[in-house]
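A.B. asks: here is a sequence together with a model predicted from it:
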Amino acid sequence: MTFQLSVLDRSRTRQGRPPGEALRETVRFAQEAEALGYHRFWVSEHHGVPGVAGSAPTVLAAAVAGATSRIRVGTGGVMLPNHRTLVVAEQFGVLESLFPGRIDMGLGRSVGFTGGIRRALGVSKDAMGDFGTQLEELAGWFGGVPPVPGVHALPAEGLRPPLFVLANASGADVAAEAGAALVIGGFSESAVAAAERYRAGFRPSAWWEKPYVVVAGNVAVGETREAARRLLVPEAWAVAHSRTHGVFPALRSAEEVEALDMSERERGFYEGALRGHLYGTEEEVGAALGSLVRSTGAGEVLVTTGSYDRDALMDSYRRLAAVVGRGREGTSPSGGCNMCGNRTP
């Protein structure tokens with residue numbers, strides 16, 4: 001298997017524990033991921049979501065980069081409609097200047113989860129439609145052709161942290177036109193179609209000379225298939241709860257979730273949230289990842305799994321590193337697998 005393996009952590013909170021603990025765990029997680037040989041470690045942006053502590057991704061990325069030394073660090077992503085492009089350019093310029101050659105600029109076009117959050121951010125749902133224009137402006141700040149004459153984005157001007165666009169099938173065109181790498185969420189046939197559409201329309205840019213596809217989603221590996229599935233249970237319940245109560249909650253243990261007396265509607269959302277992920281033993285997940293990479297032509301898999309039991313979650317990441325590492329030559333200095341056989345930014 002010749003693909004990169006990376007991590008996206010959303011700093012999920014756990015029931016009964018403060019948000020600050022989740023942020024500190026994210027930094028520790030990045031150190032562990034680096035020791036295991038993962039290629040990138042990305043953090044996310046969520047505003048006003050009780051179950052997610054990660055609300056300021058560039059700030060958290062700085063903490064992660066400062067606590068590690070080799071792994072690439074980035075955002076998955078900064079939601080561009082929520083921000084002025086000048087400020088985004090400045091933030092990534094600072095990151096790239098402090099940690100040269102290690103920063104990734106992952107951008108998305110989502111806006112706030114609720115109307116209240118959007119009002120607090122000063123944006124509307126329609127702001128997503130300006131994403132392509134915002135990408136052009138951002139490129140101008142980095143490229144020395146500022147959207148506002150006479151204004152310079154320092155220290156960003158002249159720098160080129162690799163640009164990634166988080167998109168679904170319809171957003172693949174935006175990534176292609178911008179000459180950005182494409183990050184597709186989910187393991188489905190639509191991901192295959194999005195990758196093909198992106199490659200067909202890709203225009204080389206100062207960011208990327210050739211198209212590059214990353215497929216992102218939940219992957220869980222356990223000693224047994226059932227052990228791996230149970231890692232997905234806390235997140236699946238959080239999704240079901242958000243669909244039925246309008247609030248995305250902190251994670252609860254798998255034991256607590258399985259003991260709940262769910263309504264028929266909750267059960268439907270819960271079981272639906274357990275589908276569409278890759279999980280199983282090392283052998284099963286290895287085969288599934290190989291098939292996924294072949295079908296999408298992806299150069300990288302970005303793993304976003306979150307679970308209540310942190311020890312079991314880290315065991316899953318260790319097993320995942322091992323199963324991919326067996327398809328590579330050599331090991332990392334820490335004894336983990338060498339994830340960097342297929343070099344990309």
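C.D. replies: Structure's in. What do you need?
A.B. asks: strands along the stretch 1-150 of the chain, start to end?
C.D. replies: Using DSSP state E, counting those that start in this stretch, the strands of the stretch 1-150 of the chain run over 4-9, 40-43, 72-75, 78-79, 103-108.
A.B. asks: try the stretch 151-300 of the chain
C.D. replies: Ranges of strands within the stretch 151-300 of the chain are 163-167, 181-185, 213-217, 219-221, 278-280, 300-303, based on DSSP E, counting those that start in this stretch.
A.B. asks: any low-confidence regions in this protein?
C.D. replies: By pLDDT under 70, the low-scoring segments of the chain are 1, 169, 326-344.
A.B. asks: mind listing the helices for this structure?
C.D. replies: With helices called from DSSP state H, the chain shows them at 19-36, 57-67, 85-98, 115-121, 131-143, 172-178, 189-201, 225-231, 233-245, 254-258, 264-273, 282-296, 310-325.
A.B. asks: put the alpha carbons of the longest one into CSV.
C.D. replies: Just to be clear, that refers to helix 19-36. Provided in CSV are the C-alpha atoms of helix 19-36 (Å, rounded to 0.1, in the frame of the first residue of the first chain):
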residue,chain,number,x,y,z
PRO,A,19,-13.1,21.2,27.6
GLY,A,20,-9.5,22.2,28.5
GLU,A,21,-8.7,18.5,29.1
ALA,A,22,-9.8,17.6,25.6
LEU,A,23,-7.5,20.3,24.2
ARG,A,24,-4.5,19.0,26.2
GLU,A,25,-5.3,15.4,25.1
THR,A,26,-5.2,16.6,21.5
VAL,A,27,-1.6,17.8,22.0
ARG,A,28,-0.6,14.6,23.7
PHE,A,29,-2.3,12.7,20.9
ALA,A,30,-0.3,14.5,18.3
GLN,A,31,2.9,13.5,20.1
GLU,A,32,1.8,9.9,20.1
ALA,A,33,0.8,10.0,16.4
GLU,A,34,4.2,11.4,15.5
ALA,A,35,5.9,8.6,17.4
LEU,A,36,3.8,6.1,15.4
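A.B. asks: can you mark which positions in it are buried?
C.D. replies: Using 16 or more other Cβ atoms under 10 Å as the test for burial, helix 19-36 gives 19, 22-23, 25-27, 29-30, 32-36. To be clear about C-beta, it is placed using only N, CA and C from the backbone, and glycine gets the same treatment.
A.B. asks: likewise for the fourth one?
C.D. replies: Counting neighbours by 16+ other Cβ under 10 Å, one finds that the buried residues in helix 115-121 are Ile117, Arg118, Leu121.
A.B. asks: touching it from outside, list them.
C.D. replies: Helix 115-121 has contacts (Cβ atoms under 8 Å, 6 or more residues apart in numbering) with His47, Gly48, Asn82, Val111, Gly112, Ser124, Lys125.
A.B. asks: now the buried members of those.
C.D. replies: Of those, these count as buried by 16+ other Cβ under 10 Å: His47, Asn82, Val111, Gly112.
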